[in-house]
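Chemist: Have a look at this prediction, sequence included:
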Amino acid sequence: MLARNARRKACAACTKAKRPCSKRLPRCDRCERKSIPCKYPPVNQTARQYAEAADNGSITTEHVPTCAKDTVALPIHMVASEPFYSDDVVEAQLDAGEVYHPCCRGVVRDTKSLPLGPDWFYNPDSWMIVHSNAPAFSKQTFDTAALKQHISTVQAWMRRWANTGRSPFIHHRLYSQKMPRCVQDAYTALSAYLARTPENSDLCLRIIRDRVADLVEENEGTTSTHVPGDLSAMATAPAGAMLLDPLEHLARVHALFVYQMIGLFDGDIALRAIAESHMSTLTIWVAEMWENAELDASIHTLVLDDAFSSGGEVVATAPAHEHAAWRRWMVSESIRRAWLLVTITQSIYELFRTGWTQCAGSVNWTTRAGLWDAPDQYSWSRLVTAGSGPLFVPSLCADLLYEEAAPSDVDEFAHAILVVQFGLENMAKWKALER
């Protein structure tokens, strides 16, 4: 990683675009990502004067070569390991009216467009959670209207799932092969709740309380299993413990999240008290779900590497076993979206309840329009290799979508994340540019 000089002025390209500059040599991160010339002003000239001189043609710039042709560079943005998003950059953004998320302080802003390789969504690096060193923030720091809209959006998604069997956080094919009992119970309880009448409302809430109690009780003493036939987890598991695979981890998170959305935001005092008591449980389940998926991906990568070292060839296209890859992406993307939805929603509730919240970190997820709703493997593969718009983006760096994509290039879930992260005004400006 190249050094950054804190005293160096911003480059001409970043100054002209009014974007923060990492000030790295030989090129800053933004110019590197966009493959554009990167020139820094001399000591006796301001960044603005230098940028204007470059526009007038009085400064010659060398051609900067684009990515090598032997790799296919696609908009897969992965975070690097060295942060530079310091307080001076934050202040510069605020002064310039730039898009800014308060939890980004300390989070890596160095994103790179990577080649599309086999299982781009499943390699171990894609499961890295980048944590912020930002302190706790008060409610005044955020766009309160955007936070309230997020809750309304998630409630609408739950109604859509009950009515159609699909939503931006539960894939329409996710449980087509196997629908765990806990998800079936959550679905029927949600359907009954949405269809309740004043006469049967108490009965519906009683059903939800009982289903939550059963779900939590059934998952006491669970552990994880990662590979069919692998007895190592069984050997180390407590006696009588229930083994969970990634889909089962995801299912119990989905089920409890449905109950939590009802309990926290219905208005029933008794139900809310129960839901608040299970917030820590849901947080633990989400962490275990992520750890399970991360380990499963590491094992899968080892198997894949062994296969290629035996004579296979890595091709910069969609994975060879595309139907299996589509299924694997479906589960892994659902896990990513569940993590985002749970952490954001519970943070919002804590923010309104206590007046303060903390950032859970940044994870990568798929933002390209059409992939989530693709009806089959063929359509999904075509959108991966030939679609438009960034494909894989870190959540706290999602403001790069405002620069590199049109609103129509980004799916509904990504729109919701952008609103809750960066506010309603920035979303309105972005949509206005497309018209």
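Modeler: Thanks, I have it.
Chemist: Which elements pack onto the longest helix along the chain?
Modeler: The single longest helix within the chain, with elements called by DSSP state H, is helix 322-354. If contacts are counted by 3 or more CB pairs under 8 Å, 6 or more residues apart in numbering; DSSP states H and E, helix 322-354 sits against helix 144-164, helix 246-265, helix 279-309, strand 356-357, strand 364-366, helix 377-386, helix 412-422. C-beta coordinates here come from the backbone N, C-alpha and C atoms, glycine included.
Chemist: Can you list the residue ranges for strands in the stretch 101-250 of the chain?
Modeler: Ranges of strands in the stretch 101-250 of the chain, per DSSP state E, counting those that start in this stretch, are 111-115, 137-138, 222-224, 242-244.
Chemist: quick one on the thing from earlier: quick one, the longest helix of the chain and helix 246-265 angle?
Modeler: Helix 322-354 runs at 30 degrees relative to helix 246-265, counting by axes from the mean of the first three to the mean of the last three CA atoms, to 10 degrees.
Chemist: For the helices and strands packed on helix 322-354, give me CSV that also has mean neighbour count, distance to Glu350 and mean pLDDT.
Modeler: Listed next are the helices and strands packed on helix 322-354 as CSV, based on neighbours: other CB atoms under 10 Å; distance: least, CB to CB, whole Å; pLDDT from 0 to 100:
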stretch, mean neighbour count, distance to Glu350, mean pLDDT
helix 144-164, 16, 11, 95
helix 246-265, 23, 10, 96
helix 279-309, 16, 8, 80
strand 356-357, 19, 5, 82
strand 364-366, 22, 22, 92
helix 377-386, 17, 36, 88
helix 412-422, 22, 14, 93
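Chemist: Any regions of the protein where pLDDT drops low?
Modeler: Applying pLDDT under 70 to the chain flags the ranges 1-8, 26, 42-118, 132-140, 221-242, 300-322, 435.
Chemist: tell me which element Ala432 falls in.
Modeler: helix 424-434 (DSSP states H and E).
Chemist: mind putting the helices and strands packed on helix 322-354 in CSV, distance to Ser395 included?
Modeler: Output for the helices and strands packed on helix 322-354, formatted as CSV (distance: least, CB to CB, whole Å):
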stretch, distance to Ser395
helix 144-164, 13
helix 246-265, 17
helix 279-309, 13
strand 356-357, 15
strand 364-366, 6
helix 377-386, 20
helix 412-422, 6
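Chemist: Name the stretch from those that approaches Tyr349 most closely.
Modeler: Closest to Tyr349 of these, according to CB to CB: helix 246-265, at 5.5 Å.
Chemist: Was I right to think His172 contacts Gly165?
Modeler: Yes - using CB atoms under 8 Å, His172 is in contact with Gly165, at 6.1 Å.
Chemist: I'd like to know how many residues surround Arg181.
Modeler: Residues near Arg181, counting by other CB atoms under 10 Å, number 12.
Chemist: do you know how far Thr164 is from Cys11?
Modeler: Noted for Thr164: a distance of 49 Å to Cys11, by CB to CB, to the nearest Å.
Chemist: Buried residues in the longest helix of the chain, which are they?
Modeler: Buried residues in helix 322-354, counted by 16 or more other CB atoms under 10 Å: 322, 325-351.
Chemist: cool, stretch 358-378 as well?
Modeler: Residues of stretch 358-378 classed as buried: 359-372, 374, 377 (neighbour count, 16+ other CB under 10 Å).
Chemist: Let me know the closest of these to Ile129.
Modeler: Comparing those against Ile129 with CB to CB places Gly361 closest, at 4.5 Å.
Chemist: Tell me how far that closest one lies from Cys397.
Modeler: Applying CB to CB, the value for Gly361 to Cys397 is 12 Å.
Chemist: same question, Cys14
Modeler: In terms of CB to CB, Cys14 sits 16 Å off from Cys397.
Chemist: Pro390 now?
Modeler: Distance from Pro390 to Cys397, counting by CB to CB: 10 Å.
Chemist: Please tell me how far His278 sits from Lys9.
Modeler: Between His278 and Lys9 the distance, using CB to CB, works out to 52 Å.
Chemist: ugh, typo on my part, it should be Glu220
Modeler: Look at Glu220 and Lys9: by CB to CB, they are 59 Å apart.
Chemist: Comparing the two, which residue is more hemmed in?
Modeler: The neighbour count for Glu220 versus Lys9, taken as other CB under 10 Å, is higher for Lys9 (19 against 9).
Chemist: Name the SS class of the more buried one, please.
Modeler: Classification of Lys9 using DSSP: H, G, I helix; E, B strand; the rest coil returns coil.
Chemist: Please look at it and Cys28 and confirm they touch.
Modeler: No - with contacts counted by CB under 8 Å, Lys9 stays clear of Cys28, the gap being 11.1 Å.
Chemist: show me the contacts for Thr366.
Modeler: Thr366 sits next to Phe121, Trp329, Glu333, Arg336, Trp372, Leu391, Phe392 when contact means CB atoms under 8 Å, 6 or more residues apart in numbering.
Chemist: tell me which of the residues you listed is nearest to Val216?
Modeler: Looking across the contacts of Thr366 and measuring by CB to CB, the closest to Val216 is Arg336, at 24.1 Å.
Chemist: returning to what we had before: what's the closest of the buried residues of stretch 358-378 to Arg24?
Modeler: Lowest distance from Arg24 to those (CB to CB) belongs to Ser362, with 20.5 Å.
Chemist: and that closest one, how far is that from Leu400?
Modeler: Applying CB to CB, the value for Ser362 to Leu400 is 12 Å.
Chemist: Ser332 now?
Modeler: Look at Ser332 and Leu400: by CB to CB, they are 21 Å apart.
Chemist: likewise Leu351?
Modeler: 25 Å.
Chemist: Wait, Trp120 touches Ser126, no?
Modeler: Yes - between Trp120 and Ser126 there is a contact under CB under 8 Å: 7.3 Å.
Chemist: list the residues that contact both of these two?
Modeler: Contact with both Trp120 and Ser126 is made by residues Phe392, according to CB under 8 Å, 6+ apart.
Chemist: Would you agree Trp127 is in contact with Asn292?
Modeler: No - with contacts counted by CB under 8 Å, Trp127 stays clear of Asn292, the gap being 10.4 Å.
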